[in-house]
Structures are given as structure tokens and as C-alpha cells.
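Student: Below is the sequence, then the predicted model.
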Amino acid sequence: MAEFPKRIDCGDFELVKPVATFAKAQEFFDVVIKNKEFLSRWLEWTDFYSKPEDAYNYLKTIEPLNEPSYLIQVGGNVVGGHGFVLFSEKHKTAEIGYWLAPQFNGCGIVTRGIKYLEDLAFGQLGINRMQIKVDVNNVKSQAVAVRAGYKKEGIQRQSYVLRGVPCDVIMYSKLKSEWEKGKVK
Ligand SMILES: CC(C)(COP(=O)(O)OP(=O)(O)OC[C@H]1O[C@@H](n2cnc3c(N)ncnc32)[C@H](O)[C@@H]1OP(=O)(O)O)[C@@H](O)C(=O)NCCC(=O)NCCS
């Protein structure tokens with residue numbers, strides 16, 4: 001079974017496996033609540049955060065699991081989330097998901113984070129296909145997928161439901177062979 005590192009050093013930011021402390025839960029909760037309007041447009045899970053205990057319970061649930069979810073931290077403080085929302089060793093396929101506080105948008109953190117996750121998945125953990133699924137109206141996230149060199153495959157019609165409303169998503173992907181070509185450029 002794939003082992004995911006506890007921390008990935010990305011220079012001016014880091015990807016860290018969540019640790020369930022009250023202090024970290026409070027920090028995580030504060031970022032989500034402060035930016036709820038921005039994040040909730042695309043992320044339904046923000047609806048379930050109304051008190052710090054909700055963040056603590058989330059961190060406590062995923063801490064002991066070998067889950068490929070990371071917090072994005074700048075200067076040791078939580079500013080977002082990044083990682084694999086799907087990771088199938090059997091099918092050699094992984095799907096990336098991410099969110100970032102708006103104050104930290106525009107610095108390439110998520111796009112550069114994808115490169116580190118590709119090095120891990122393609123380079124070390126035997127993944128052959130990475131994919132990113134983005135709502136057809138989520139222009140900023142589509143820009144991330146394109147900037148990271150993912151190929152648009154097409155639209156999956158009404159393939160997920162956001163607060164009861166079926167939505168179309170664009171499927172983007174990158175293959176290991178494409179990642180290898182990109183590395184030698
Ligand atoms: C989607 C989301 C993560 C995009 O954040 P972002 O900051 O635009 O993306 P990145 O961190 O990759 O940064 C890219 C920006 O930094 C700039 N940038 C600066 N230095 C860069 C570098 N070294 N490398 C790449 N981009 C760089 C890019 O030009 C781009 O700016 P622009 O949008 O003005 O053109 C963020 O808006 C978000 O969390 N939205 C809400 C939740 C969400 O939609 N999640 C995704 C669901 S599919």
C-alpha cells in the first residue's frame with residue numbers, strides 16, 4: 001500500500017498531513033469561516049463547519065488514516081488544502097483536489113503544489129494517470145488545470161450534485177508519459 005509522506009517541502013509553502021490538535025483545528029476553522037463565501041461557491045463541505053469542534057472532528061478522523069490529504073501551510077499557518085481525493089493503486093489513477101484562501105491566490109501555490117504531487121504519484125507511487133475535475137463555471141480552477149499542463153478530455157454532464165443541483169464538470173488529465181516528456185524539456 002502506498003505510503004504518503006507526512007510533509008512535502010515546496011519552498012515558500014509546505015504540504016503537511018493534518019495533525020489533530022485543538023490549535024490546528026481552530027486555525028483550520030478560522031480560515032474556512034473567514035473565507036466561507038469565497039470557498040462555498042464550489043465546495044459543499046464548508047456548509048458543515050459552524051464551530052471549531054467540526055474542524056477538530058475532521059482532523060481527528062483523517063489523522064490516523066493513510067489518507068493522501070494535505071494542509072497547505074505558509075509560515076506554519078493553514079491557508080488551504082491540497083492532495084488526492086482519489087488514489088487507486090489498482091487502476092494507477094489519482095485525482096487531485098485543492099482549495100486556497102483568497103488572500104493567497106495569485107502566487108502559483110496550487111499549481112506548484114501539483115508539480116510536487118505529480119513527482120510523488122508518477123515518480124514514486126506508480127500512478128499512470130492524474131486527473132482534475134472542475135465545474136464548468138469554475139474559471140479559476142480550470143486555469144489551474146490548464147496552467148499545470150492538463151489536457152481537457154471533455155465534459156461529464158451532470159456528474160456531481162452541489163447543494164441539490166446537478167452540475168457539469170470538465171475532466172482534465174495528464175499521463176505519466178506526458179509528465180516524463182515535460183520533465184526533460
Ligand atoms: C481554484 C483556486 C485554488 C485557484 O487559486 P489560484 O491562486 O488562482 O491558483 P494558483 O495558486 O495555482 O495561482 C495561480 C495564479 O498565480 C500566478 N502565479 C504567480 N507565480 C506563479 C508561479 N510560479 N506558477 C504558477 N502561477 C503563478 C498565476 O499567474 C495565476 O494568477 P492569475 O490567476 O492572476 O493568472 C482558488 O481560487 C480556490 O481555492 N477557489 C475556491 C475553491 C475551488 O474552486 N477549488 C477547486 C475545486 S475544483
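Tutor: Structure's in. What do you need?
Student: Quick one: the helices in this structure, in order.
Tutor: Here the chain has its helices, by DSSP state H, at 22-34, 36-40, 52-62, 109-121, 139-147, 176-184.
Student: If you average pLDDT over each of these, which is lowest?
Tutor: Lowest mean pLDDT within the helices of the chain: helix 176-184, at a mean of 90.
Student: Report the distance from that helix to the chain centre.
Tutor: Relative to the chain's own centre, helix 176-184 is displaced by 21 Å; criterion: C-alpha atoms, centre = their mean, to the nearest Å.
Student: Also stretch 164-178?
Tutor: Distance, stretch centre to chain centre, for stretch 164-178: 13 Å (C-alpha atoms, centre = their mean).
Student: CA-only coordinates of it in PDB, if you can.
Tutor: Taking C-alpha atoms only, stretch 164-178 is exported to PDB below (Å, rounded to 0.1, in the frame of the first residue of the first chain):
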ATOM      1  CA  GLY A 164     -29.100  19.500  -4.700                       C
ATOM      2  CA  VAL A 165     -28.200  20.900  -8.200                       C
ATOM      3  CA  PRO A 166     -26.700  18.500 -10.800                       C
ATOM      4  CA  CYS A 167     -23.600  20.200 -12.300                       C
ATOM      5  CA  ASP A 168     -21.500  19.600 -15.400                       C
ATOM      6  CA  VAL A 169     -17.700  19.100 -14.900                       C
ATOM      7  CA  ILE A 170     -14.700  19.300 -17.200                       C
ATOM      8  CA  MET A 171     -12.400  16.300 -16.900                       C
ATOM      9  CA  TYR A 172      -8.700  17.100 -17.300                       C
ATOM     10  CA  SER A 173      -5.900  14.600 -17.200                       C
ATOM     11  CA  LYS A 174      -2.200  14.100 -17.500                       C
ATOM     12  CA  LEU A 175      -0.500  10.800 -18.200                       C
ATOM     13  CA  LYS A 176       2.800   9.600 -16.800                       C
ATOM     14  CA  SER A 177       4.300   9.600 -20.300                       C
ATOM     15  CA  GLU A 178       3.300  13.300 -20.700                       C
END
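Student: Outside of that stretch itself, list whatever touches it.
Tutor: With contact meaning C-beta atoms under 8 Å, 6 or more residues apart in numbering, stretch 164-178 is reached by 118, 122, 127-136, 142, 145-146, 148-161. In short, each C-beta sits where N, CA and C put it, glycine included.
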